[in-house]
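Visitor: model this:
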Amino acid sequence: MKRWVAALFSILFFALVPFSAAKADLGPKPSISVTFEGAGDSTYYVTLLSKEASTFRYTTYDWENPDSAPYQKGDDSYEIFMKFVEYVDDDSFYFLQHFENCTESNTFYWSGSPPWTFKILIYFPDTDKFLSSGIITCDSFNSYYKATLSGVAESTDLNDATIAVVNNYDYFREVKLLLMRIVLTIATELAIAFLFDLCNRKMFRVIVIVNVITQVLLFGTLSYAEYKSGFLLMILLYFVLELLVFIVEGCTYSLYRRKNVDLSVGYGRIWLYALIANAASFALGFWLYSIFS
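Guide: A predicted model of the protein is given here:
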């Protein structure tokens, strides 16, 4: 009875963690990250100008209702904020009231409804000059770019300054997330296997091998879906693929049970284990996306 109670609590734990994360608004969000090179010692602020006048969370400055703006007179960044508000783009792109001081970090990050088609706009307060990139359209849910500035550190008027932007997708993050997912998934499923009396050493080896294979295929498919189409398609595929993984694992463990009489548990318990283990794995995977996306 104690083992079944422990199993129940483990399921509830892995189910409630992502639910709590979602309630706290920590779920996966689209994002844009830009790393800058060539700024030298210049002080600079960065924003993304949007082709659209608003996204889900961000909109343009309301001249009729200035009190609704995130920065007010007296705030430390108000003057910089108003510089961006008053900027007029040649292609009529919009400032959505989000900017960052990138002087120290040399990185700009926008998570949660960034513009899909945008320009990178940089403001240098020391010279009161702007530098704008060309038009960029995101090709992934989480987009990474490297912006190389030329003629900024050497110039005082920035008349000859340029900005070159290239895609800089963070493959290291994806590999790190995959390894973390495999390790945590195997540890979780082995712990649940112990609760189900699947304590055979050979059975543990089978669980490890099956999970390494299924998790690599699962994560690879989900990562590509997220990269190309975003979280909604990824989560739909997640349900379908996790169901397939459950079937594959249930069949594999049942086949192992048939060929190994030293495993005393019945087929019903094996399939129940596969169901609970994959439910925990699903919740764990969603939690990892919530934390690292």
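Visitor: now do the same end-to-end measure for stretch 158-172.
Guide: Terminal residues of stretch 158-172 lie 35 Å apart, using CA to CA, to the nearest Å.
Visitor: quick one: buried residues of that stretch?
Guide: Across stretch 158-172, burial judged by 16 or more other CB atoms under 10 Å covers 158, 161, 163, 165. Bear in mind the C-beta positions are built from the backbone N, C-alpha and C, glycine included.
Visitor: swap in stretch 120-131?
Guide: By neighbour count on 16+ other CB under 10 Å, the buried set for stretch 120-131 is 120-124, 127, 129-131.
Visitor: hang on, the earlier thing: any chance of the buried residues of stretch 158-172 in a markdown table with pLDDT, distance to D89 and secondary structure as columns?
Guide: Shown next, in a markdown table, are those (pLDDT from 0 to 100; distance: CB to CB, whole Å; DSSP: H, G, I helix; E, B strand; the rest coil):
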| residue | pLDDT | distance to D89 | secondary structure |
| --- | --- | --- | --- |
| L158 | 77 | 17 | coil |
| A161 | 88 | 17 | coil |
| I163 | 94 | 14 | strand |
| V165 | 95 | 16 | strand |
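Visitor: Just give me the closest of those residues to I32.
Guide: Relative to I32, the closest of the buried residues of stretch 158-172 is V165; by CB to CB it sits at 11.2 Å.
Visitor: ok, that closest one to K119 distance?
Guide: According to CB to CB, to the nearest Å, V165 stands 10 Å off from K119.
Visitor: Check K51 too.
Guide: In this structure, K51 and K119 are 9 Å apart, going by CB to CB.
Visitor: just the buried residues of stretch 158-172 now: which is nearest G151?
Guide: A161 (4.1 Å).
Visitor: Which residue is the nearest non-sequential neighbour of that closest one?
Guide: The shortest distance from A161 to any non-neighbouring residue, by CB to CB, 6 or more residues apart in numbering, is to G151 (4.1 Å).
Visitor: Please report the distance of the one you found from E249.
Guide: Separation of G151 from E249 (CB to CB) stands at 58 Å.
Visitor: now do T148
Guide: In this view, T148 and E249 are 47 Å apart by CB to CB.
Visitor: I'm done for today, thanks for sticking with me.
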